[in-house]
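[1] Provide a 3D model corresponding to the input given below.
(2 chains)
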Protein chains: 2
Amino acid sequence: MNIQKVGIFDSGVGGLTVAKEVKAKFPHLDIFYLGDTARLPYGDKSEETIIKYSYKNAKFLFTFGIDLLIVACNTSSSFSLPFLEKEFQFPIVGMINPGANLALKRTKNNKIGLIGTRATIRSGAYRKEIEKINKEALVFEAACPLFVPLVEEGLFEDEVTEIVARRYLKGFLEKEIDTLILGCTHYPVLIPTLKKILPDVEMISSGEATLIHLQENFHLQKENKRGVLRVFATDRSTHFKEIAEKLLGEKIDLELASI
Amino acid sequence: MNIQKVGIFDSGVGGLTVAKEVKAKFPHLDIFYLGDTARLPYGDKSEETIIKYSYKNAKFLFTFGIDLLIVACNTSSSFSLPFLEKEFQFPIVGMINPGANLALKRTKNNKIGLIGTRATIRSGAYRKEIEKINKEALVFEAACPLFVPLVEEGLFEDEVTEIVARRYLKGFLEKEIDTLILGCTHYPVLIPTLKKILPDVEMISSGEATLIHLQENFHLQKENKRGVLRVFATDRSTHFKEIAEKLLGEKIDLELASI
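    Residues are numbered from 1 along each chain as shown, chains lettered A, B, ... in the order given. Have a look, this model is predicted:
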């Protein structure tokens, strides 16, 4: 299958960490990114509502004739994949399977930690995926509801973020995990803070896991052309543009998606 | 005008602090409360989106035949009141005018502080209202975007909340404000923390201000019957019910509003 156009959505800005990695590795792809900023965050919402929003997002990206959809939101991936796969014909990559696989590849003692939004943890999606692949693995979970607002405020390395992180991660210290899945696309910018608390633990980010998954499952050959990156948001927000440019490291022309 | 049925909406749970005060003072009223939990928070969203959601909320409450609408969300009040007043015939009470009036009544030195979401501060609604009533008054503002997530997490009195509050309120210390408008219905539970930093400052909460406004502007006589309180949310969230009951101090039968 020849993939040229990739759709990526997230509730907000976090999925751009995934878009950035995909674009860096495969610059020839045309990428259509949608942040559902009019309805974010998803992390405390119900399954029903998350599926409804995810469907709207996928339908919007569908109009660009995409060959592949990346659901770059762990909360959405935790609930909506089976539904989206029934509704659309293009292949869909979520965050759960790539993250679970990479964590199992990296762990040496089969003790894996997982952090995510309240909804992602509640879904049990990672736990089920990991247990399906390897019954021996033990998964320890912690919901970290304040991480998203702290990242949205740009407090990547901050006294407050560190105190909050110490509370959330406390339970992992005695479990001797050697691998931690960052089950939310907002979290990679927190790695320096997380490493202070869990210095010897391997951190699995959704961006890296997705890239490995794409390379192993799709024949994405580099081509000698430069694709476009179009960034849409469902709400006109100056704050989004600012953080998006910070995360991507380049200026963007933010477009409004009225869905 | 004989008021029997009151509609109240907020983006989430915060407006219940207003509903609670109204209900305590006028138990005979039938109150219909709507929390737009499927789309919360409003505080970082655009004017256009906030107006759209506010209209949907008002339209839902309209179906109960309400005699009065209270927009118990400062962010929504900052942007949507002129629009809602054009669309609906019933009287509409927002948070801005009551809060501005009460602050001006309480201040002795005409130096008033204002805290709120990023959108509320950006709107300049309080500043304009205060300057309209009293040109001598000086308004000093600070956006406090992390207060809503901290309150939603129940961290009313907490080390983290105090550090964050000290940062947000720092600018007020040298301005010698004697009155602080809590320009968000989430904030009253933070008063003990705020008082640690600004011990001699009078705190103006939306609930108290609304009650005074209702008493002065509507002939709400106590009646010898007990009204109902129906609580709706646009999303099915267990977290909402839990915090709602904590704020109200009573059990509720949460109903889903599919709008």
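[2] how about the residue nearest to A:Y53 when sequence neighbours are not counted, what does it touch?
    Among residues not flanking A:Y53 along the chain, A:R39 sits closest, at 5.4 Å (Cβ to Cβ, 6 or more residues apart in numbering or on different chains). All C-beta spots, glycine's among them, are computed from the backbone N, C-alpha and C. Going by Cβ atoms under 8 Å, 6 or more residues apart in numbering or on different chains, A:R39 touches A:S11, A:Y53, A:T234, B:A38, B:R39.
[3] Out of the residues you listed, which sit inside helices?
    A:Y53 (DSSP state H).
[4] The contacts of A:R39: which two are farthest apart?
    A:T234 and B:A38 (13.5 Å; Cβ to Cβ).
[5] on that earlier part again, by neighbours, which of the contacts of A:R39 wins?
    Counting neighbours by other Cβ atoms under 10 Å in any protein chain shown, A:S11 leads the contacts of A:R39 with 32 neighbours.
[6] and it, what does it touch?
    Per Cβ under 8 Å, 6+ apart, neighbours of A:S11: A:G35, A:D36, A:T37, A:R39, A:L40, A:P41, A:Y42, A:G43, A:Y53, A:C73, A:T75, A:S76.
[7] in chain A, which spans are strands?
    With DSSP state E as the criterion, chain A has strands at A:5-10, A:30-35, A:68-71, A:92-93, A:111-116, A:138-143, A:179-183, A:202-204, A:229-233, A:255-256.
[8] Does at least one residue of the last one sit close to chain B?
    I take that to be strand A:255-256. No: judged by Cβ under 8 Å from any Cβ of the partner chain, strand A:255-256 stays clear of chain B, getting no closer than 9.3 Å.
[9] Sheet-wise, list the partners of that strand with their directions.
    Here strand A:255-256 has these sheet partners by DSSP bridges: strand A:229-233 (parallel).
[10] Next, the residue nearest the centre of chain A: phi, psi?
    Centroid-nearest residue in chain A: A:T185, 3.5 Å away (criterion: Cα atoms, centre = their mean). Recorded main-chain torsions at A:T185 are phi -70, psi -10, according to degrees, to the nearest 10.
[11] Got the confidence number for it?
    On pLDDT, A:T185 comes in at 95.
[12] Nearest residue to it in space, please, no chain neighbours.
    Per Cβ to Cβ, 6+ apart, closest to A:T185 is A:G14, 3.5 Å.
[13] Burial check on the one you found, number of neighbours?
    Neighbourhood size, A:G14 [other Cβ under 10 Å]: 27.
[14] So which bits of chain A are right by chain B?
    Within reach of chain B by Cβ under 8 Å from any Cβ, chain A has these residues: A:37-39, A:44-46, A:48-49, A:118, A:145-146, A:149-150, A:152-153, A:159-160, A:163-164, A:235-237, A:239.
[15] ok, now with 7 Å
    Counting by Cβ under 7 Å from any Cβ of the partner chain, chain A comes close to chain B at A:38-39, A:44-46, A:48-49, A:145-146, A:149, A:153, A:159-160, A:163-164, A:235-237, A:239.
[16] Those residues in helices, which ones?
    Those of these mapping onto helices are A:E48, A:T49, A:P149, A:E159, A:V160, A:I163, A:V164, A:H239, per DSSP H.
[17] what's the neighbour count on the closest residue to the last one other than its chain neighbours?
    Read that as A:H239. Spatial nearest neighbour of A:H239, excluding adjacent residues (Cβ to Cβ, 6+ apart): B:D44 at 5.9 Å. Using other Cβ under 10 Å, B:D44 is surrounded by 23 other residues.
[18] which residues of the stretch 101-250 of chain A score low on pLDDT?
    Within the stretch 101-250 of chain A, not a single segment meets pLDDT under 70.
[19] Tell me the buried residues in stretch A:62-72?
    If you call a residue buried by 16 or more other Cβ atoms under 10 Å in any protein chain shown, then stretch A:62-72 has these buried ones: A:F62, A:I66, A:D67, A:L68, A:L69, A:I70, A:V71, A:A72.
[20] distance of the last one from A:I191?
    Using Cβ to Cβ, to the nearest Å, we find A:A72 at a distance of 18 Å from A:I191.
[21] coming back round to it: which two of the ones in helices among the residues of chain A next to chain B have the greatest separation?
    Farthest pair in these, by Cβ to Cβ: A:E48 and A:E159, 38.1 Å.
[22] circling back to that earlier point, I figured the residue nearest to the centre of chain A was touching A:S206, is that so?
    Yes: shown here, A:T185 and A:S206 form a contact pair, counting by Cβ atoms under 7 Å, at 5.1 Å.
[23] what's the nearest residue to the residue of chain A positioned farthest from its centre if we skip its chain neighbours?
    Centroid-distance maximum for chain A: A:N224 at 28.0 Å, with Cα atoms, centre = their mean. What sits nearest to A:N224 in space, not counting adjacent residues and going by Cβ to Cβ, 6+ apart, is A:H28, at 7.4 Å.
[24] distance of the spatially closest residue to A:I121 that is not a sequence neighbour from B:L155?
    Nearest in space to A:I121, with sequence neighbours left out and distances taken as Cβ to Cβ, 6+ apart, is A:A143 at 4.3 Å. Distance from A:A143 to B:L155, counting by Cβ to Cβ: 15 Å.
[25] what's the pLDDT at A:K251?
    At A:K251, the model reports a pLDDT of 93.
[26] what's the distance between the closest residue to it other than its chain neighbours and A:T238?
    Among residues not flanking A:K251 along the chain, A:E245 sits closest, at 5.9 Å (Cβ to Cβ, 6+ apart). To A:T238, A:E245 is 11 Å away according to Cβ to Cβ.
[27] Who has more neighbours out of the two?
    Neighbour totals were compared for A:E245 and A:T238, and A:E245 leads with 16 against 12 (other Cβ under 10 Å).
[28] What residues sit buried inside stretch A:99-117?
    Using 16+ other Cβ under 10 Å as the test for burial, stretch A:99-117 gives A:99-104, A:107, A:110-117.
[29] Dump it to CSV, keeping only the CA atoms.
    Taking C-alpha atoms only, stretch A:99-117 is exported to CSV below (Å, rounded to 0.1, in the frame of the first residue of the first chain):
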residue,chain,number,x,y,z
GLY,A,99,3.2,1.6,23.1
ALA,A,100,2.4,-1.9,24.6
ASN,A,101,4.7,-3.6,22.1
LEU,A,102,7.6,-1.2,22.6
ALA,A,103,7.3,-1.5,26.4
LEU,A,104,7.5,-5.3,26.2
LYS,A,105,10.5,-5.1,23.9
ARG,A,106,12.4,-2.8,26.3
THR,A,107,11.5,-4.3,29.7
LYS,A,108,13.9,-6.7,31.2
ASN,A,109,12.0,-7.7,34.4
ASN,A,110,8.5,-7.6,32.9
LYS,A,111,7.4,-4.9,35.4
ILE,A,112,5.8,-2.1,33.5
GLY,A,113,4.4,1.2,34.8
LEU,A,114,1.7,3.1,33.0
ILE,A,115,0.7,6.7,33.4
GLY,A,116,-2.2,8.4,31.6
THR,A,117,-5.4,10.4,32.0
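[30] re earlier: ok, now which ones touch the residue nearest to A:T185?
    A:C184, A:T185, A:H186 (Cβ atoms under 7 Å, 6 or more residues apart in numbering or on different chains).
[31] Many thanks, we can stop here.
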